[in-house]
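Asker: Have a look at this fold, sequence not included:
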């Protein structure tokens, strides 16, 4: 078996070397397909990230009745923070709010003389764990007798959520379609290298090679072509993504782009492994078809 | 060794290639299969090494009906049958040695065995001095010798030759037939399909004549024509 394995690998490399142009075409095809594939993955990842980050920044703001005392307000804060789905509650007292307001505008007007009494309510900024809990929390909070008014951008949340859904669904369908298209292209490209070696296959079969024996060198060839294509795609993706992130973060610093090296590493690994799988499957399908024609 | 019983072969195109063939070839026999082009010689050989299946009838090779042989058993049948072609079918980018060793490699034989057996086969066909040449550098006769070496390197009990002298001049053809005769004398059943009249007449072997897919004559020490 060992000598056979050696034979397979030697044959695979021999075929790659001899394939020349054909091999390059196969590698480039895989590279291009996987680069498009990876670009979509990165786009989807970033869109999801942007939507997620933006949604998580959406707070619900509750204003208390004006005559609520500080103690009562503190009790409300505790009550609010214990509601299901609530992550944290920031409290701003009416005095604080008034002082801040006066600080912002006080230079221009003597506000205290115009408005004798603090007109502002206590403010609770409620942050929820996931955006979809926002409507429920808002309803509960607005039902509290001590709360005068609740504000949150419900419409925006809904749109954001449907956008996340669309991006996930569309992205998944795109990824599946792209995988199929890539596989088709790879199968046909490797088939060309198989066709170029029809005589070899014929003679191998003639002298008593089993089908699996004929298949192995082609599958190893497929793996090598796939890995080469995958690595090239990885380098292309990494280089262009890094430079894009660098430029965008300078131009649009508030845009939350994915820079998590682990997550990106996963995508790059998936690209290389994807190339390898495409190569094996492509090699297998094309050589199986050639063998079927033979028999 | 080879036995065909009521064998019919009709191709998908409707061409009737063999019609009710009954033929027995014994162990270590030397048989000429003669007839004009399209008589069915090549088809008959293909049935034996199972490149084709008969439409009806039995093709028994070494006690196995190859007509019903499972596809994954075919490689093992072929390791017991050497095949030689008119157009040699050598791999152009491999040396003489590699072409012969190829037949052993696919059986998963160890490297030392491959080398020893390949060299023995090349010695038998008289091609030892050209082991490192490529097929393009060889004459027709030399290519056919390499093709024969590849066919016998596994020591198969059966050797089939389909028009082995079709591309060769008379003198070279004669040498090739002498070589096939030598292999036959080393206990190998040899079947040669040919329409080379002078060789058939000179060799004085058993002659089986096909005409339009029918076996019309089977004669020991026969001649091409009656």
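Answerer: Nice, thanks for sending it over. Everything numeric in this text was worked out from a predicted model, so none of it was measured.
Asker: Contact residues of chain B facing chain A?
Answerer: Within chain B, the positions lying close to chain A (CB under 8 Å from any CB of the partner chain) are B:49, B:71-72, B:75-79, B:83, B:89, B:91, B:93, B:102-103, B:105-111, B:150, B:154. For the C-beta atoms, the positions are set from N, CA and C on the backbone; glycine is no exception.
Asker: Mark which of the residues you listed are buried, thanks.
Answerer: Buried residues within the residues of chain B next to chain A, defined by neighbour count using 16 or more other CB atoms under 10 Å in any protein chain shown: B:49, B:75, B:77-79, B:83, B:89, B:91, B:102-103, B:105-109, B:150, B:154.
Asker: distance of the closest residue in space to residue A:230 that isn't next to it in sequence from residue A:265?
Answerer: Nearest-residue entry for residue A:230: residue A:275, 2.5 Å, with adjacent residues in sequence omitted and distances by CB to CB, 6 or more residues apart in numbering or on different chains. The spacing between residue A:275 and residue A:265, counted by CB to CB, to the nearest Å, is 16 Å.
Asker: now residue B:42
Answerer: As judged by CB to CB, residue B:42 and residue A:265 stand 59 Å apart.
Asker: shouldn't residue B:53 be in contact with residue B:47?
Answerer: Yes: look at residue B:53 against residue B:47 with CB atoms under 8 Å: they come within range, at 7.3 Å.
Asker: Pick out whichever of residue B:42 and residue A:265 has more residues nearby.
Answerer: residue B:42 (19 against 11; other CB atoms under 10 Å in any protein chain shown).
Asker: Which strands or helices does the helix or strand encompassing the more buried one pack on?
Answerer: For residue B:42, the enclosing helix or strand under DSSP states H and E is helix B:41-48. With contacts defined as 3 or more CB pairs under 8 Å, 6 or more residues apart in numbering or on different chains; DSSP states H and E, the secondary structure elements packing on helix B:41-48 are strand B:2-10, strand B:16-25, strand B:30-34, strand B:56-61, strand B:158-162, strand B:189-194.
Asker: orientation of it relative to strand B:189-194 in degrees?
Answerer: Helix B:41-48 and strand B:189-194 are oriented at 150 degrees to each other (axes from the mean of the first three to the mean of the last three CA atoms, to 10 degrees).
Asker: just to revisit the earlier point, which ones among the residues of chain B next to chain A lie within helices?
Answerer: Among these, the residues falling in helices (DSSP state H) are B:75, B:76, B:77, B:78, B:102, B:103, B:105, B:111, B:150.
Asker: which one of those sits closest to residue A:200?
Answerer: residue B:102 (8.9 Å; CB to CB).
Asker: what's the pLDDT at the closest one?
Answerer: According to the predicted model, the pLDDT of residue B:102 comes to 89.
Asker: Let me see the contact set for it.
Answerer: In this structure, residue B:102 makes contact with A:203, A:204, A:207, B:91, B:94, B:150, judged by CB atoms under 8 Å, 6 or more residues apart in numbering or on different chains.
Asker: Recalculate using a threshold of 10 Å.
Answerer: Contact analysis of residue B:102 by CB atoms under 10 Å, 6 or more residues apart in numbering or on different chains lists A:7, A:200, A:203-204, A:207, A:209, B:90-91, B:94, B:114, B:118, B:150, B:153.
Asker: Emit the PyMOL select command for whichever of those residues are buried.
Answerer: For the buried members of those, the matching PyMOL selection, counting by 16+ other CB under 10 Å, is:
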select buried, (chain A and resi 7+200+203+204+207+209) or (chain B and resi 90+91+94+114+118+150+153)
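Asker: related to what we said a few turns ago, mind listing what's buried in the helix holding residue B:42?
Answerer: Going through helix B:41-48 with 16+ other CB under 10 Å, the ones that come out buried are B:41, B:42, B:43, B:44, B:45, B:46, B:47, B:48.
Asker: My read is that the last one contacts residue B:191, right?
Answerer: It stands for residue B:48. Yes: with contact taken as CB atoms under 10 Å, residue B:48 and residue B:191 are classed as touching, separated by 7.5 Å.
Asker: Which pLDDT value belongs to the nearest residue to residue B:19 once chain neighbours are set aside?
Answerer: In this structure, residue B:19 finds its nearest non-sequential neighbour in residue B:213, 4.5 Å apart by CB to CB, 6+ apart. pLDDT recorded at residue B:213 is 93.
Asker: Might you report the residue contacts of residue B:213?
Answerer: If a contact means CB under 10 Å, 6+ apart, then residue B:213 has B:8-10, B:15-21, B:35, B:38-40, B:43-44 as its contacts.
Asker: From these, list the buried ones, please.
Answerer: The neighbour count (16+ other CB under 10 Å) marks B:9, B:17, B:18, B:19, B:21, B:35, B:39, B:40, B:43, B:44 as buried among those.
Asker: surely the second one meets residue B:42?
Answerer: Yes: taking contact to mean CB under 10 Å, the distance of 8.7 Å between residue B:17 and residue B:42 places them in contact.
Asker: Which neighbours do those two have in common?
Answerer: Shared contacts of residue B:17 and residue B:42 (CB under 10 Å, 6+ apart): residue B:52.
Asker: Could you name every residue contacting both of residue B:48 and residue B:191?
Answerer: Taking CB under 10 Å, 6+ apart as the contact criterion, the residues that touch both residue B:48 and residue B:191 are B:1, B:2, B:25, B:81, B:158, B:160.
Asker: just curious, which of those residues is nearest to residue A:217?
Answerer: Taking the shared contacts of residue B:48 and residue B:191 together and measuring to residue A:217 by CB to CB, the closest member is residue B:81, at 23.8 Å.
Asker: Just confirm yes or no for the helix or strand encompassing residue A:183 near chain B.
Answerer: Following DSSP H and E, one finds residue A:183 within helix A:154-195. No: counting by CB under 10 Å from any CB of the partner chain, no contacts exist between helix A:154-195 and chain B, the nearest distance being 14.3 Å.
Asker: Quick check: what element follows that helix along the chain?
Answerer: Scanning forward in sequence from helix A:154-195, with DSSP H and E defining helices and strands, the next element found is helix A:198-206.
Asker: and that following helix with helix A:154-195, angle?
Answerer: Using the same axes, to 10 degrees: helix A:198-206 against helix A:154-195 is 70 degrees.
Asker: tell me what helix A:198-206 is packed against?
Answerer: In this structure, helix A:198-206 packs against helix A:2-19, helix A:154-195, helix A:211-251, helix A:261-294, helix B:74-78, strand B:81-85, helix B:96-105, helix B:140-152, with contacts taken as 3 or more CB pairs under 10 Å, 6 or more residues apart in numbering or on different chains; DSSP states H and E.
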